[in-house]
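Asks: Need coordinates for the following:
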Amino acid sequence: MKSYLAHLECGWSGEIYPANQLMNLSPAAQRPLLARYDIDAARKAFPREALLGREPNLWRYAEMLPVQDEAFRFTLGEGFTPLLRLKRLGAALGLANLTAKDEGQNPTGSFKARGLVMAVARAAELGAKALAIPTAGNAGSAMAAYAALAGLPAYVYAPRDMPMPFLAEMKALGAEVTLIDGLINDCAKYVREGVEQGRWFDLSTLKEPYRAEGKKTMGYELAEQFGWELPDVVIYPTGGGTGIVGMWKAFDEMEKLGWIGPKRPRMVSVQSDGCAPIVRAYDKGERTAEAWANAATIADGLRVPVAVGDFLILDAVRASNGTALAVSDESILSSVLELGRLEGIFAAPECGATIAALRRLVESRWIKPNERVVLFLTGNGLKYTHLIR
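Replies: Sure, this is the predicted structure:
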């Protein structure tokens, strides 16, 4: 399976860069780089019927992924997670077509496996000798797993108050973990210093081009699992926002490939009211988001005070006629318990945020009873047992 990767493009300025070298942000604008493909060639060689019989993991879309050499297409079985019909929760909310994409079934228990397998694989293919990442938890675990698979040293910087199961997992997977007094953006400063010293390659969210490529496979799968007609609404918990950025990119690629039509889901970005820079920017009509002061929430993956891809998230939400909203920690936790009680799924608090947002959107009639709604359950709850009493 040949990759049709063509070049990199600055998401802010449109400036073009070669794809055959290790790069972080675009040199001129210091904004995220996006992978672009030879769509004309791919359209001829990669019809959606080619997927029949392929392995049920994210590499089934290899032609539209960046890794060139099949030897670097590492896998622990990530991707092609199930769509689960939420009948009892849907009935409680008056919804006839509520489903969840359960990303907690990925390796290391979260959607981060998608982005990090791609970022690690491409970094290894381009000659990286060591990798580093700032993390609130799941991204560090995923990087550690795939760095181990690639045979590369992994360095993780995380807030000192990170739940202990994450620390144990990262260490078990061979990463060198440094705990920092502060938040994920404080951890990022240490990673950046190591880059300047030539110690490692930085895999921070949207600070390299390929985590978004792994995350975009959620969009490809959504289309395939819905019979090539996208749902009406996608509700997504947003920290760094790579998932929304990646899925929106996937929808555009699939339309150009001739796999889907122009219809798009309304994209809903959900944050905690203790850390909601994207929601604040959305409400103000701004294209970029100011850093959130004193960020605090039980949902560690949402405790991201500043996102380098803020404008890409906001562009996708607005272009889809979607919305952004913040929910309380109390509603997050109660929604986790409700999901478990009604559907037998123990999900991470970030997932509870999507349910709390859904309830508000139903009550306000922004979501109609017969619309097809997909909640993204981005992680397993077993690393957050300290929240359950």
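Asks: Provide the partner residues of Arg326 in its beta bridges.
Replies: Actually, residue 326 is Ala. It isn't Arg. Following DSSP bridges, Ala326 is listed with bridge partners Gln271.
Asks: okay, now the closest residue to Gly309 other than its chain neighbours: neighbour count?
Replies: Closest residue in space to Gly309, ignoring its immediate chain neighbours: Leu206 at 3.9 Å, by Cβ to Cβ, 6 or more residues apart in numbering. The C-beta positions use only the backbone N, C-alpha and C, and glycine is treated the same way. The number of residues packed near Leu206 is 27, by other Cβ atoms under 10 Å.
Asks: swap in Glu63?
Replies: Quick note: Glu63 (other Cβ under 10 Å) scores 18 neighbours.
Asks: On the three-state scheme, it is what?
Replies: Secondary structure, DSSP: H, G, I helix; E, B strand; the rest coil: Glu63 is helix.
Asks: what residues are up against it?
Replies: 1-4, 42, 45-46, 50 (Cβ atoms under 8 Å, 6 or more residues apart in numbering).
Asks: ok, the residue nearest to it when sequence neighbours are not counted - contacts?
Replies: Excluding the flanking residues, the one nearest Glu63 by Cβ to Cβ, 6+ apart is Phe46, at 4.3 Å. Residues counted as contacts of Phe46 (Cβ under 8 Å, 6+ apart) are 4, 63-64, 257.
Asks: Against Cys351, how distant is Phe46?
Replies: 33 Å (Cβ to Cβ, to the nearest Å).
Asks: How about Ala150?
Replies: With the distance defined as Cβ to Cβ, Ala150 ends up 29 Å from Cys351.
Asks: So which of those two has more stuff around it?
Replies: Ranked by neighbour count (other Cβ under 10 Å), Ala150 and Cys351 place Cys351 first, with 31 against 18.
Asks: need the contact list for the residue nearest to Gly309.
Replies: Here Leu206 is in contact with 32, 212, 240-242, 245, 307-309, 312 (criterion: Cβ under 8 Å, 6+ apart).
Asks: Which residue ranges of the chain form helices?
Replies: Using DSSP state H, the helices found in the chain span residues 39-45, 87-93, 112-125, 138-150, 164-172, 184-196, 211-215, 217-225, 242-257, 277-284, 310-319, 329-343, 349-363.
Asks: Which of the residues in the second one are classified as buried?
Replies: Just to be clear, that refers to helix 87-93. 89-90, 93 (16 or more other Cβ atoms under 10 Å).
Asks: Closest one of those to Cys187?
Replies: Leu89 (35.0 Å; Cβ to Cβ).
Asks: Return the residues in contact with that closest one.
Replies: Residues counted as contacts of Leu89 (Cβ under 8 Å, 6+ apart) are 98, 338-339, 342-343, 355.
Asks: ditto for Ala92
Replies: Under the criterion of Cβ under 8 Å, 6+ apart, the contact list for Ala92 reads 338, 342.
Asks: Go ahead and flag the most central residue of the protein.
Replies: For the chain, the residue nearest the mean C-alpha position is Gly243 (3.2 Å; Cα atoms, centre = their mean).
Asks: from memory Lys263 sits against Glu229, does it?
Replies: Yes: the pair Lys263 and Glu229 qualifies as a contact (Cβ atoms under 8 Å) at a distance of 7.1 Å.
Asks: Which pair of the contacts of Leu206 spans the longest distance?
Replies: Once Cβ to Cβ is applied, the contacts of Leu206 give Ala212 and Ala307 as the farthest pair, at 12.4 Å.
Asks: Of those two, which one has the most company?
Replies: Ala212 (32 against 27).
Asks: Please tell me how far the more buried one sits from Pro305.
Replies: 20 Å.
Asks: Over to Ala188?
Replies: Counting by Cβ to Cβ - Ala188 and Pro305 are separated by 11 Å.
Asks: Between the two, point out the one with more neighbours.
Replies: Neighbour count, other Cβ under 10 Å: between Ala188 and Pro305, Ala188 has more, with 23 against 18.
Asks: can you pull the contacts of that one?
Replies: Taking Cβ under 8 Å, 6+ apart as the contact definition, Ala188 lies against 134, 157, 204.
Asks: returning to what we had before: for the residue nearest to Gly309, give its distance to Met143.
Replies: Counting by Cβ to Cβ, the gap from Leu206 to Met143 is 15 Å.
Asks: do the same with Gly381
Replies: Distance from Gly381 to Met143, by Cβ to Cβ: 21 Å.
Asks: Please say which of these two ends up with more neighbours.
Replies: Met143 (31 against 22).
Asks: Surely that one touches Val156?
Replies: Yes: with contact defined as Cβ under 8 Å, Met143 counts as touching Val156 (6.9 Å).
Asks: shared neighbours of the two, anything?
Replies: 133, 135, 175.
Asks: Return the member of those nearest to Cys275.
Replies: The closest of the shared contacts of Met143 and Val156, once distances to Cys275 are taken by Cβ to Cβ, is Thr135, at 15.5 Å.
Asks: Show the pLDDT at that closest one.
Replies: Confidence at Thr135, expressed as pLDDT, is 93.
Asks: Same check on the one 5 residues further on?
Replies: The model reports Gly140 with a pLDDT of 96.
Asks: Next, find the distance separating it from Val67.
Replies: 22 Å.
Asks: Leu5 now?
Replies: 8 Å.
Asks: same question, Ala96
Replies: 40 Å.
Asks: The two: which has the busier surroundings?
Replies: A count of neighbours by other Cβ under 10 Å puts Val67 above the other of Ala96 and Val67, at 23 against 13.
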